[in-house]
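[1] I would like to see how this sequence folds:
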Amino acid sequence: MKLGSREIGPSAPPLVIAEIGINHGGALDVAKEMVRRAAQSGCECVKHQTHFVEDEMTEEAKAIFPPNADVSIWDVMARCALSKDDEIALKRYTEDLGMLYLSTPFSRAAADFLAEIGVVGLKIGSGEADNLPLIRHIARLGKPVIMSTGMQSIQSLRASVDILAGAGIDYALLECTNLYPSPPEIVSLRGVSELQAAFPDVPVGFSDHSIGPEMALASVALGACILERHYTDTRYRAGPDIINSMDPAELRHLIDRSREIWIAANNPKARTAAEEDVYRFARASVVADRDLPAGHVIGEADIWARRPGTGEIAGYEFDAVIGRTTTRALARNTQLKWADLTA
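    Coordinates of the predicted model:
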C-alpha cells in the first residue's frame, strides 16, 4: 500500500508511526512540541486521535472507567480532544515538517472531518475493529486505512477485512494487544505471522503497547511493515498512555534499529563480498598430515585440513583426496594441489 508517496510493504523499510494520541492532554502547544521533537528524531509519520465525544459515545460512557485512568472514558476524551481548528493547525504543522499526518476517527463526524481536511490516511483502532458500520463509513471515504486488530481473532476480523477489501482501498492490518502496558505474557508476536497467513496480500504490522522497543523490533524480523507506538516528548507528563509511550530517544532507536533488522531479515544466506578476506584465512585447506613419498596412495590418516584457506584444495573437498596417489614427495603441512595427485 501507499500513504502519499511512502511505499509500505516487505520491499520497504518499516514505517514507524509515533502515536501522539491524547498524550498532549488537549493542549495544541504541547502537541506541536511533540511533533517537533518527533521530526528531530527522524520520524516519518505522526498519528493523532480525533474525538468528537458527543458523536462517539452515549451517556453510559460517563460511568465507564478505563483500567489506566481515574476518571470516566467520557471525561478522558473530553479533556484531551483538540478542537477542529487546533487539529487543522496540528496537521499543517506536522506536514510542514515533512511528516505524514494520520489520525484515528472514533465516530462518523470525526471520519468526515478528517476526510474534509485532507488527511493522507485513516487509522482504525482495535476498539473499532469490529464496528462494521463505522468501518463501512470510513471505507467509503476512499482513503488508505491502517486497522489495528487487538482483541480480535482471525475469524472475527474477516467481516471487517471484507469491507475494506470490497471498497477497493489500500489497507494494512496491525497485530495489537490492548492492555496499557502489555506484559510479554499476553503480547502475541505470533499474531503477526497469523495475520500474514490469513491475509497474504495485505501489509501487516505491529501496534505495540508494551514497555520498551523489544517487541516492536522483534516483529520486524517476522515481517512487520508498520510499527506503531505511543509517543510523548517526555515521560514526566501525566496521562493514561504515558506509561507505555516512547520518548524521542527511543523513537530514534526504534527507527534506526528497525531499518537494520529489516535489511538483515531480507539478506539471503550466502557468503558476501565483504567476507572474502575473512574466508581466505578462516577457511581450511587440505594439507599433508605427515611426510608422504611419491607414489603413495592417500588414506584418511595421511591428510588433514588446516588454516589458512589459500590452498587449492578446500577443506570441504577432503574426501575427494582420499584414494588418490601422490605424484611427488610432500612434506608435512604442504598445502595439496590437484597436480600433486592422480586419480
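[2] contacts and neighbour counts: CA atoms only from here.
    Will do.
[3] Please report how far residue 184 lies from residue 213.
    12 Å (C-alpha to C-alpha, to the nearest Å).
[4] neighbour-wise, which of the two wins?
    residue 213 (18 against 12; other C-alpha atoms under 10 Å).
[5] ok, which stretches of the stretch 101-250 of the chain are strands?
    121-124, 145-148, 171-176, 204-208, 226-230 (DSSP state E, counting those that start in this stretch).
[6] Which secondary structure elements does the fourth one sit against?
    Which is strand 204-208. strand 171-176, helix 190-198, helix 214-221, strand 226-230 (3 or more C-alpha pairs under 8 Å, 6 or more residues apart in numbering; DSSP states H and E).
[7] Quick one: these as TSV, columns for distance to residue 145, mean neighbour count and mean pLDDT too.
    Formatted as TSV, those follow (distance: least, C-alpha to C-alpha, whole Å; neighbours: other C-alpha atoms under 10 Å; pLDDT from 0 to 100):
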stretch	distance to residue 145	mean neighbour count	mean pLDDT
strand 171-176	5	26	98
helix 190-198	16	17	98
helix 214-221	20	20	98
strand 226-230	12	25	98
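[8] Quick one: those as JSON lines, columns for distance to residue 78 too.
    Output for the helices and strands packed on strand 204-208, formatted as JSON lines (distance: least, C-alpha to C-alpha, whole Å):
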{"stretch": "strand 171-176", "distance to residue 78": "25"}
{"stretch": "helix 190-198", "distance to residue 78": "33"}
{"stretch": "helix 214-221", "distance to residue 78": "30"}
{"stretch": "strand 226-230", "distance to residue 78": "19"}
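[9] do you know which of those lies nearest residue 18?
    strand 226-230 (5.7 Å; C-alpha to C-alpha).
[10] Note down every partner strand of the closest one and its orientation.
    Using DSSP bridges, strand 226-230 pairs in its sheet with strand 15-21 (parallel), strand 204-208 (parallel).
[11] Tell me which of those lies nearest to residue 120.
    strand 15-21 (13.5 Å).
[12] Which positions within the following helix or strand past that closest one qualify as buried?
    Note on strand 15-21: by DSSP states H and E, the next helix or strand toward the C-terminus is helix 28-40. Residues of helix 28-40 classed as buried by neighbour count (16 or more other C-alpha atoms under 10 Å): 28, 31, 32, 34, 35, 36, 37, 38, 39.
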